[in-house]
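**Q** predicted model, plus sequence, below.
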Amino acid sequence: MERYRNTGFLVSGLLFAVIPLMFIAGIVVFQLAKNVPDARIARANTLLSFKTIRAANAIDEAVQDAERGQRGFLITDQDAYLEPYTKAKERLPQLMVELQQVTNANHDQQERILKLQADITTKMNELAETITAMRQQGYEAARAIVNTNAGRLSMEAVSADLASIMDAANARLSTRLERAAAAEERITQTFVLGSAVAALALVVGAFLLARAYRRVASSEQMLQATLDSVREGVGALDYLGRLRAWNNAFITMLGFAASEFRQGDRLPLEKAGAHALGGRLHGLQAPAQATSRPTLVEHQGERGAVVEIFQNPTADGGNVITLLDVTERRRAEEALRQAQKLESMGRMTGGVAHDFNNLLTIIIGSLGLLRRAIGPDNKAHERIDMIYVAAERASRLTKQLLAFARRQPLQPEIVNLGYVVQELLLLIRRAVGEAITVECVTAGGLWNTSIDTSEFQSAVLNLAINARDAMPEGGKLTIEMANAALDNTYAARHVEVEPGQYVLFALTDTKGMDSETMARALDPFFTTKPPGEGTGLGLPQVFGFVKQSGGHLKIYSEIGEGTTVKLYLPRNFGQESVPTARVTALAVTGRETVLVVDDDQIVQATVASMLEELGYTVLLAANGAEALAILEKGTQIDLLFTDVVMPGAISGRQLAEQAVEIVPKLKVLFTSGYTENAIVHNGRLDRGVELLSKPYSREQLAAKIRRVLDSAPREPRQAAEV
């Protein structure tokens, strides 16, 4: 019985559902049979009207996007803001074609489209001209174009054209809708049909609302993903300073936790310290709101971090803030400036050193000749000695300049710094005096390094003398040597450093210096000593030597605590070089034949006089071509003594290579005041090359000539490498 009752309810329900549906279906069939042709035509025309309006709206959006991209670029001078402009410029031709196609049958609309095409061309040309002016001439030139109002007038013309096209389309649409309304009046307005239409409208409305909600949520997610993908900190605030949108980098750079804030929260910038990034940002809020202009400032943090703050006001009184960490960029720029300064100094020093050392060679050589020529005249000898001391000082100054500019020729060898410094300790103690205690600490298992020992000893003595001068009342000098490793983190903070293993040499005194002095300590010619007591090239010479050796120099100092200069020299895995035994009695005269090649006739004559006094037979040549001509005659020559830098097609290095081909057993000795890259590469003498740097005395010349002549003959392969 219960089952039949349920069946009756079901049948009744179905009848109540089916009868209205059948009634509505009958009405629908009747209306379809009567109005289908008109409905099809009306639907097609309505679709054209909607396509016309949609195409016009798309063109309007594209033109506005182009103008918005231009404004963003003018405000920020960043090409990224031109993306809307570029996309709009690419889309507009296709949009115009679509608009022409949907209005092809309407002659009036086609005329309006032609005018729209001309106005859009004018507007886009104005935008392109403004962007070009900004790139080539700057903001003021672009602003001048904007102030002509040509852009505004062309935009108004475009808007008017689009409004005319859409008005015409709306008018046609209205007409068609009126016809549709007339057709609908013929349809029986029944309760069931009205309810069905209302239900359908509700369903469609709910669908559209749901779709709009999904689109909004998707846009918000896309915006947040975009913000989180950029390395800059970006935050959008309303006029009350409440958060609208932000990324984690923005909150983190301000020193807050990302989980502390939600949309609508206020940033407590006023609680940040005056020197903190948040405090600086808080101080910019009021001026930015007062001027309503974009603001770009740079903030220097307490730990050296540099952040660019760009604040761009919005129309509703809020602003968009961008924080960009430019610390590494500033460090790279500073390293580049330092490298350019060194390069300029090197170029200048190289040109001066060559000619200056030639003059000093003449002066020093001539003084030696003059001293022996005048006999036992003590007064004359005293004056000659004074001139010689002055020439030596000038030579030392030139050498210091070359060292700072990393242009001195080095002869590195694999050594253990512990042994080198132990040999130097007695000289250091004598240099600093008894008022200063010298302590040396060497760590066990000290690694080897590859350095020019004599230049390293000169650098250490420079540091010790600087420490002595900083402690006139006495103190303590501590020398430490240990193994060290500079990791990637340290190298990231010092762009000129290669991470790896180093041998550390540190020298510490008990007299600190202030930050201003420490900042300029490596500048050439900067000195805190009274006039006449220092050249300001001591530390720069040490710095140049360390950098030329592939190392790193770091200075730490605190007033009242002391100054530590650390030299990091690259570890070398080779075996320590065997010290060369010193010859106690070196024969400095000879009977061999020496071919002297130098383009400076006075230098040539001076060297010839010194060699002839020593007993050598001397032949002279002014350039490489003359020297080769002498060699090709078959003249017996034991040593080629040639300048490296000479005018003409044949350099000193090329002359030596060709001379050895003519006379395979020929000994070669180079000389130069500045070698550049002929026989020195990466600051180091090429293998097998003998060099006597200018200026030199008669004794230095005699010893070097004798040493080269008495050296073992070169193998054929070595001869080919000269």
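**A** That came through fine.

**Q** quick one: contacts for the closest residue to L631 other than its chain neighbours?
**A** Spatially, and ignoring its direct neighbours in sequence, L631 is nearest to I662 (4.8 Å; Cβ to Cβ, 6 or more residues apart in numbering). Where you see a C-beta, it was placed from the backbone N, CA and C, and this is true even at glycine. By Cβ atoms under 8 Å, 6 or more residues apart in numbering, the residues touching I662 are L628, L631, E632.

**Q** hmm, try it at 10 Å
**A** L628, L631, E632, G634, I637 (Cβ atoms under 10 Å, 6 or more residues apart in numbering).

**Q** next one: M253
**A** Per Cβ under 10 Å, 6+ apart, neighbours of M253: E232, G233, G235, N247, L277, G278, L281, A305, V307, L323, L324, D325.

**Q** likewise G551?
**A** Here G551 is in contact with 449, 451, 497-498, 502-505, 543, 545, 566-570 (Cβ under 10 Å, 6+ apart).

**Q** do that again at 7 Å, thanks
**A** If you count contacts by Cβ atoms under 7 Å, 6 or more residues apart in numbering, G551 has them with Y502, L567, Y568, L569, P570.

**Q** in a strand, that's where the third one is, yeah?
**A** Yes. The secondary structure assignment for Y568 places it in a strand, going by DSSP: H, G, I helix; E, B strand; the rest coil.

**Q** so it bridges to which residues?
**A** Y568 has these beta-bridge partners by DSSP bridges: L504, H552.

**Q** give me the pLDDT value at the most centrally placed residue in the chain.
**A** Central residue of the chain (Cα atoms, centre = their mean): A332, 4.5 Å from the mean position. Looking at A332, its pLDDT stands at 71.

**Q** same deal with E455?
**A** For E455, the model assigns a pLDDT of 81.

**Q** these two touch, right, it and Q548?
**A** No. Using Cβ atoms under 7 Å, E455 is not in contact with Q548, being 8.7 Å away.

**Q** buried ones in the top strand by length along the chain?
**A** In terms of residue count, the longest strand belonging to the chain (DSSP state E) is strand 475-486. Neighbour-count burial for strand 475-486 flags G475, L477, T478, I479, E480, M481, A482, A484, L486 (criterion: 16 or more other Cβ atoms under 10 Å).

**Q** that strand: what's the following helix or strand?
**A** Using DSSP states H and E, the helix or strand that follows strand 475-486 towards the C-terminus is helix 488-493.

**Q** can I get that following helix in PDB, CA atoms only?
**A** The C-alpha trace of helix 488-493 is given here as PDB (Å, rounded to 0.1, in the frame of the first residue of the first chain):
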ATOM      1  CA  ASN A 488      83.000  32.000  -1.500                       C
ATOM      2  CA  THR A 489      81.200  34.100   1.100                       C
ATOM      3  CA  TYR A 490      84.400  36.200   1.600                       C
ATOM      4  CA  ALA A 491      85.000  36.400  -2.100                       C
ATOM      5  CA  ALA A 492      81.400  37.600  -2.700                       C
ATOM      6  CA  ARG A 493      82.100  40.600  -0.300                       C
END
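
**Q** can you list contacts of that helix?
**A** Residues contacting helix 488-493 (Cβ under 7 Å, 6+ apart): V497, E498, P499.

**Q** and stretch 615-623, by the same measure?
**A** 589-597, 599, 604, 608, 611-612, 627, 630, 637, 646, 648, 650.

**Q** same check on stretch 565-574?
**A** 414, 447-451, 463, 484, 486, 500-507, 546, 549-555.

**Q** pull the distance from stretch 68-82 to the chain's centre.
**A** 24 Å (Cα atoms, centre = their mean, to the nearest Å).

**Q** residue ranges with poor pLDDT in the stretch 551-700 of the chain?
**A** Applying pLDDT under 70 to the stretch 551-700 of the chain flags the ranges 578-587, 674-688.

**Q** tell me where the stretch 501-650 of the chain has helices.
**A** Assigned by DSSP state H, counting those that start in this stretch, the helices in the stretch 501-650 of the chain fall at 515-519, 538-548, 601-613, 624-632.

**Q** export those to CSV and tack on distance to A160 and mean neighbour count?
**A** Listed next are those as CSV, based on distance: least, Cβ to Cβ, whole Å; neighbours: other Cβ atoms under 10 Å:
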stretch, distance to A160, mean neighbour count
helix 515-519, 63, 12
helix 538-548, 68, 24
helix 601-613, 86, 18
helix 624-632, 82, 18
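
**Q** so for L114, which of the ones you listed sits nearest?
**A** helix 515-519 (68.3 Å; Cβ to Cβ).

**Q** tell me the mean pLDDT for that closest one?
**A** Rounded mean pLDDT across helix 515-519 is 70.

**Q** which residues of the stretch 251-400 of the chain fall in helices?
**A** 277-291, 327-373, 378-404.

**Q** starting at the chain centroid, how far to the next helix or strand after the last one?
**A** As assigned by DSSP H and E, the chain's next helix or strand after helix 378-404 is strand 413-415. Using Cα atoms, centre = their mean, the distance from the centre of strand 413-415 to the centre of the chain it belongs to is 35 Å.

**Q** run through who's touching strand 413-415.
**A** N448, T449, S450, I451, T453, N572, G574, Q575, E576, S577.

**Q** how about a markdown table for those, with neighbour count and distance to A491 added?
**A** Output for the contacts of strand 413-415, formatted as a markdown table (neighbours: other Cβ atoms under 10 Å; distance: Cβ to Cβ, whole Å):
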| residue | neighbour count | distance to A491 |
| --- | --- | --- |
| N448 | 18 | 22 |
| T449 | 29 | 18 |
| S450 | 20 | 20 |
| I451 | 30 | 21 |
| T453 | 18 | 27 |
| N572 | 18 | 19 |
| G574 | 10 | 24 |
| Q575 | 8 | 28 |
| E576 | 13 | 28 |
| S577 | 14 | 29 |
